[in-house]
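> Have a look at this prediction, sequence included:
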2 protein chains.
Amino acid sequence: MKRAPPTILDVAKLAKVAVGTVSNVLNGKVPVSDSRRRRVQKAIEKLGYTQNILATGLRRRRTPMVGVCVPHTSVAYFSALVDAFEEVGADRGYKIIQVLTRLDPAQELDRVQALLHYHVAGLILVPSIQPDRTLKALARSGTPVVIIDRPTGTNIFDEVTFDNRGAMFDVARRLIALGHRRIVLIVQQPKLSTTRLRIRGLREAVAEAGDSAAALIVQCGPDEITLTSRLASLMREANPPTAFVAANNTIAAWLMRALRSLKVDFPGDVSVMAFGEPEWADLVTPRLSVVRQPTGEIARMAWELLIRRMNDEKTPIRHVELKAEIIMRDSVASNPPRATADPKVTRR
Amino acid sequence: MKRAPPTILDVAKLAKVAVGTVSNVLNGKVPVSDSRRRRVQKAIEKLGYTQNILATGLRRRRTPMVGVCVPHTSVAYFSALVDAFEEVGADRGYKIIQVLTRLDPAQELDRVQALLHYHVAGLILVPSIQPDRTLKALARSGTPVVIIDRPTGTNIFDEVTFDNRGAMFDVARRLIALGHRRIVLIVQQPKLSTTRLRIRGLREAVAEAGDSAAALIVQCGPDEITLTSRLASLMREANPPTAFVAANNTIAAWLMRALRSLKVDFPGDVSVMAFGEPEWADLVTPRLSVVRQPTGEIARMAWELLIRRMNDEKTPIRHVELKAEIIMRDSVASNPPRATADPKVTRR
DNA sequence: TTGAAAGCGATACCAT
DNA sequence: ATGGTATCGCTTTCAA
């Protein structure tokens, strides 16, 4: 039963006007007399006409959609971002579509190029470890872009990030104040700009504490098993770490399972923190302390910058850095453990 | 520095061939002599030419992208599906894009129509509560579609679902065998086809158990607070329920927090189960028992059906129903609680 | 095989 | 304001 969908020409014929007039009614940019406008609208209604975006896009060299590119949706932080953009981006008729870049520079380039080939009006990107080629393609295309979460170190795009260095610095300081001296940061991708900033923050805090404190960076490997075995050997060392910070909720989950299987008690023997706020943070025992990233704010701000840039390609470039919030729960305790109410259990 | 991107015409000129020849090289459908083919390829290389999908799509009335439409990404089940499709769909040059439908029939229609206007080659949809208009639009468009997760009750699209009725039936049976007599199913959307099937499964199991057993359906409302207050009054009743089943991980998290704030001990006083397998299922105490949906299989099967239909629009319609897996962990216990190893604690 | 030319469905400019 | 028409970049006959 499917016949060819009606075109603007069909509408024009039925309304007895020129195609240009129909186009003008559609886009509401050029004035059209009331009588014709009504005729056109009636015809559109009758025919069930809908615009062919491909044709429009071909002509206009731009289609009304905005791409949001994130690595995965399994990391709660990213899925929160995606949901937040959907919430915020209903504006002005832009349609939002997501593509997944999978931590892989090649796939990132591929997916972003696909979006560019569709001549999207704008694009929001969480860059991968090695985004150079993607960024170059983006710059060459002239498409409005807002980079989020991971600073590129360049000054060619608007950016909305949050203060990873500062957050990690604060976290480390608090751990140190609680008596922790060997702090481990578990990362997935050491080369990521955010990872680097976190490492820097950690090192700074440790340096501030003097010789007694040390920072360790552990790369977690691709799966839980690998992480577990790394932790096992780490905990067997002479002077094992007493505090762990996981880079995201996935690693946090691996870490907690690993600690349990290794019979390392937390927060008794070690303290645990994570970046991101998964829904289970306060469901587990002990409740997980986290660095809560301002996803809603990031999305709102990024969208705002994107709109601005889509309206005026040459508005000055802005880099916005937001603050994260540290939420301390039971998974962090002092080290060595302090005396409890029961005097017999006193240690130290 | 951005000049107009090269077109097929530029390539043709540089290679001194007709545009049609370039097109033939590009699509590899019509044979082209080796010498010209090489010239064309060299020219493409030199110019950095890339096809304009909008123009191609306009001509072909179809673009090489496949849309995946899910409600949210915050429900682990959906984000797992999205990731699985990305994994599976790298095939044959189709690009996958996601759109979010937000549990809202209007937004669903809107987003799906946006995809249709781009003349996507195919579409995978988790339908909303009231997908009628969307389905109609889809059917009219003639676009290959595979429905997943929620059966439509129609026979116009391929479907890949899993056996919600059977899974719920089995779960209820096991709970009943453990002595539970009042079983609560907490749902978000009572009208959803999957919800209905689960309710049916629950009712059947309860009926089988005779008069002693009862099924309760609780609608959880939009947030945790609402659910908590509903549960509070429920637990105050004369004959409070002893088993809860949550429809997804979000509700499971709400439920667990609610029970804790109400000081209801589980699995002591009540048992808890959930549909879906969030990463935290075995991190919480007690470890959460779940119905694990076969996301990978669903994605694989759906993709296969979609490819089949994209290649042959009139292949017979197939409905595939997969089985879920029930994973029992500590959150489910017998009721009333059985004697423990310690004889003094024996109850009943 | 290859080249020339007719659209695909819309926009935008140019007269009127 | 309105109608007519060139044009966007590509695919696809149709002849040669």
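That came in fine, so what should we check first? If you're wondering where the values come from, they're calculated on a predicted model, not measured in any experiment. Numbering: from 1, shown residues only, chains lettered A, B, ... in the order given.
> Run through the neighbouring helices and strands of the helix or strand A:Ala302 falls within.
In the assignment (DSSP states H and E), A:Ala302 maps to helix A:295-311. Under the contact criterion of 3 or more CB pairs under 8 Å, 6 or more residues apart in numbering or on different chains; DSSP states H and E, helix A:295-311 touches helix A:76-88, strand A:120-125, strand A:145-148, strand A:158-162, strand A:319-322. In short, each C-beta sits where N, CA and C put it, glycine included.
> which stretch among the ones you listed comes nearest A:Thr226?
helix A:76-88 (21.6 Å; CB to CB).
> can that closest one be found next to chain B?
Yes - residues of helix A:76-88 are located near chain B by CB under 8 Å from any CB of the partner chain, namely A:Ala76, A:Ser79, A:Ala80, A:Val82, A:Asp83, A:Glu86.
> Show me which of those is closest to B:Pro64.
Distances from B:Pro64 to these, taken by CB to CB, are shortest for A:Val82, at 23.3 Å.
> Tell me if A:Phe244 really is in a helix.
No - counting by DSSP: H, G, I helix; E, B strand; the rest coil, A:Phe244 is not part of a helix but strand.
> I'd guessed it sits against A:His180; true?
No - taking contacts as CB atoms under 8 Å, A:Phe244 lies outside contact range of A:His180: 9.9 Å.
> need the contact list for the residue nearest in space to the middle of chain A.
Nearest to the mean C-alpha position of chain A, by CA atoms, centre = their mean, lies A:Phe78 at 4.4 Å. For A:Phe78, the contact set (CB atoms under 8 Å, 6 or more residues apart in numbering or on different chains) comprises A:Val70, A:Pro71, A:His72, A:Val126.
> Can you report how many residues lie near the first one?
Same thing as A:Val70. Using other CB atoms under 10 Å in any protein chain shown, A:Val70 is surrounded by 23 other residues.
> same check, this time on the second one
Applying other CB under 10 Å, we find 22 other residues in the vicinity of A:Pro71.
> Pass me the low-pLDDT residue ranges in chain A, would you?
A:1-3, A:338-348 (pLDDT under 70).
> one more time with 90, if that's ok
A:1-5, A:28-30, A:74, A:86-95, A:211-212, A:312-313, A:335-348 (pLDDT under 90).
> Domain ranges for it, per the record?
As recorded under automatic domain parsing, the domains making up chain A are A:8-51, A:61-163+A:295-323, A:164-292+A:327-347.
> Distance to B:Arg37 added to the ones you listed, as a markdown table?
A markdown table is the format used below for the domains of chain A (distance: least, CB to CB, whole Å):
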| stretch | distance to B:Arg37 |
| --- | --- |
| domain A:8-51 | 38 |
| domain A:61-163+A:295-323 | 23 |
| domain A:164-292+A:327-347 | 40 |
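> Between those, which one is closest to B:Ile327.
Nearest to B:Ile327 among the domains of chain A is domain A:164-292+A:327-347; the distance by CB to CB comes to 15.7 Å.
> circling back: which of the contacts of A:Phe78 lies closest to A:Val171?
Nearest to A:Val171 among these, with distances taken as CB to CB, is A:Val126, at 21.9 Å.
> List the contacts of that closest one.
A:Val126 sits next to A:Cys69, A:Val70, A:Pro71, A:Phe78, A:Leu81, A:Thr101, A:Ile147, A:Ile148, A:Asp149, A:Arg150 when contact means CB under 8 Å, 6+ apart.
> Can you flag the buried ones in those residues?
A:Cys69, A:Val70, A:Pro71, A:Phe78, A:Leu81, A:Thr101, A:Ile147, A:Ile148, A:Asp149, A:Arg150 (16 or more other CB atoms under 10 Å in any protein chain shown).
> Could you measure from the last one over to chain B?
Counting by CB to the nearest CB, to the nearest Å, the gap between A:Arg150 and chain B amounts to 19 Å.
> same check, this time on the first one
As for A:Cys69, its distance to chain B is 10 Å (criterion: CB to the nearest CB).
> How about the helix or strand harbouring that residue and DNA strand D, touching?
In the assignment (DSSP H and E), A:Cys69 maps to strand A:63-70. No - counting by CB under 7 Å from any atom of the strand, DNA strand D is not contacted by strand A:63-70; separation bottoms out at 12.5 Å.
> contacting residues around that strand?
Counting by CB under 8 Å, 6+ apart, A:53, A:56-57, A:78, A:81-82, A:85, A:89, A:93-101, A:108, A:111-112, A:115, A:118-126, A:306, B:54, B:97, B:114, B:118 sit against strand A:63-70.
> rerun at 7 Å
A:53, A:57, A:78, A:81-82, A:85, A:89, A:93-101, A:111-112, A:115, A:118-126, A:306 (CB atoms under 7 Å, 6 or more residues apart in numbering or on different chains).
> Please enumerate the strands of the stretch 201-348 of chain A.
Secondary structure of the stretch 201-348 of chain A (DSSP state E, counting those that start in this stretch): strands at A:214-219, A:243-246, A:271-275, A:289-292, A:319-322, A:325-327.
> picking that back up, could you flag which of the contacts of strand A:63-70 are buried?
A:53, A:57, A:78, A:81-82, A:85, A:89, A:94-101, A:111-112, A:115, A:118-126, A:306.
> circling back: more neighbours, A:Phe244 and A:His180?
A:Phe244 (29 against 24).
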